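Student: Give me the fold of what follows.
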Amino acid sequence: MDFEDNKAFGEVHGIPMYKDFVKYWDDVETFQARPDDLVIVTYPKSGTTWLSEIVYMIYKEDDVEKCKEDAIFNRVPYLECRKEEKMNGVKQLQEMDSPRIVKTHLPAKLLPGSFWENNCKIIYLSRNAKDVAVSYYYFFLMITEFPDPESFPKFVEKFMEGKVPYGSWYDHVKAWWEKRNNPQMLYIFYEDMKEDIRKEVIKLMKFLGRKPSEELVDKIIKHTSFQEMKNNPSTNYTTLPEEMMNQRVSPFMRKGISGDWKNHFTVAMNERFDTHYEQQMKDSTLKFRTEI
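Tutor: Residues are numbered from 1 along each chain as shown. Predicted coordinates:
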């Protein structure tokens, strides 16, 4: 699995990225934000779809039917996503009425400047590195044009080196953490959502200026449970053709749990990972839980 030579990948300002995204990068860089845009940012495989559906439901005041009208990637467009003419996040967003919810995996330094200039609200969701590595590995297996990751240990090495799309997990979570004191920014954790979803939904609603009623919170929790979303064609990505995403290899919504890394990391891998992790994170106050 050599990403460097793979035709599916390129680089943007030193960050590994999908070739098709790189080709149209100018469209992303010059993207015009609107002041009422909301940006959902995650490193890949950190609970993006889950958070997107919760936020969309808050916006639609718990109207489940509106949430099922279209696939999540059309309701919450993926800003930098480009597949020639088949997929175009920038175009989708430009044609969308306000208020828009924007999904991105971009590191802080690559977020288009207009979002900062317009003082847009940003929610950053982070998840512990070990579970992200596991989930990313399965994602690699199911995306048809990605290089074969060969084995989980080999993939983890690439992940630790930041030689995967969107680069280093460490740099990503730390740079966004540095911005957490901006009043327009909310930094939350996947593990907290798994532990007490009610508390996190209320936090999100308050951040978005909505009044959390018990009935609304209950509805959102029920609609966005893992089982509901896994069985819901508008959130489970089954509407994408198999030649893009082969869900027979691994479902897009696989387990949605915390601590699955224990089923994949050997003791030796875990020790190696922990040592590297300490080194990468020693200058940051950011703390993660690897299990609940």
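Student: Now do the same contact list for V90.
Tutor: Under the criterion of CB atoms under 8 Å, 6 or more residues apart in numbering, the contact list for V90 reads Y24, D27, V28, F31, L79, E80, R82. For glycine as for every other residue, the C-beta is placed from the backbone atoms N, C-alpha and C.
Student: Run the chain-centre distance for the helix or strand hosting it.
Tutor: Per DSSP states H and E: V90 is located in helix 89-94. Centroid separation between helix 89-94 and its chain, computed with CA atoms, centre = their mean, to the nearest Å, is 18 Å.
Student: for this protein, where's the lowest mean pLDDT among helices and strands?
Tutor: Least confident helix or strand of the chain, by mean pLDDT, DSSP states H and E, is helix 64-68 with a mean of 85.
Student: and the contacts of V90, which of them are in helices?
Tutor: D27, V28 (DSSP state H).
Student: Could you dump the contacts of V90 into a markdown table and include neighbour count?
Tutor: Formatted as a markdown table, those follow (neighbours: other CB atoms under 10 Å):
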| residue | neighbour count |
| --- | --- |
| Y24 | 18 |
| D27 | 18 |
| V28 | 21 |
| F31 | 21 |
| L79 | 26 |
| E80 | 26 |
| R82 | 23 |
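Student: before we move on, what SS does I122 have?
Tutor: Under DSSP: H, G, I helix; E, B strand; the rest coil, I122 falls in the strand class.
Student: Correct me if wrong: it contacts M185.
Tutor: Yes. Using CB atoms under 8 Å, I122 is in contact with M185, at 4.8 Å.
Student: quick revisit: pull the CA coordinates from the least confident helix or strand of the chain and hand them back as CSV.
Tutor: Coordinates of the C-alpha atoms in helix 64-68 are reproduced here as CSV (Å, rounded to 0.1, in the frame of the first residue of the first chain):
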residue,chain,number,x,y,z
VAL,A,64,-38.3,13.3,11.0
GLU,A,65,-39.9,13.4,7.5
LYS,A,66,-37.8,16.3,6.4
CYS,A,67,-34.7,14.4,7.6
LYS,A,68,-35.7,11.4,5.4
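Student: Does anything pack onto it? Which helices or strands?
Tutor: Judged by 3 or more CB pairs under 8 Å, 6 or more residues apart in numbering; DSSP states H and E, helix 64-68 is in contact with helix 48-59, helix 214-223.
Student: Hey, what's the angle from the first one to helix 214-223? Just curious.
Tutor: Pointing back at helix 48-59 there. 150 degrees (axes from the mean of the first three to the mean of the last three CA atoms, to 10 degrees).
Student: what about helix 48-59, average pLDDT?
Tutor: What helix 48-59 shows for mean pLDDT is 96.
Student: The last one now?
Tutor: Per-residue pLDDT values across helix 214-223 average out to 94.
Student: what comes into contact with it?
Tutor: By CB under 8 Å, 6+ apart, the list of residues contacting helix 214-223 from outside reads 53-54, 57-58, 61-62, 64, 67, 197-198, 201-202, 205, 228.
Student: same question, stretch 141-153
Tutor: Counting by CB under 8 Å, 6+ apart, 1-3, 6, 8, 134, 137, 140, 155, 158, 242-247, 249-252, 264, 266, 269 sit against stretch 141-153.
Student: Take the residues you listed and, keeping just the buried ones, write it as a PyMOL select command.
Tutor: The following PyMOL line selects those of the contacts of stretch 141-153 that are buried, judged by 16 or more other CB atoms under 10 Å:
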select buried, resi 3+134+137+140+155+158+245+250+252+264+269
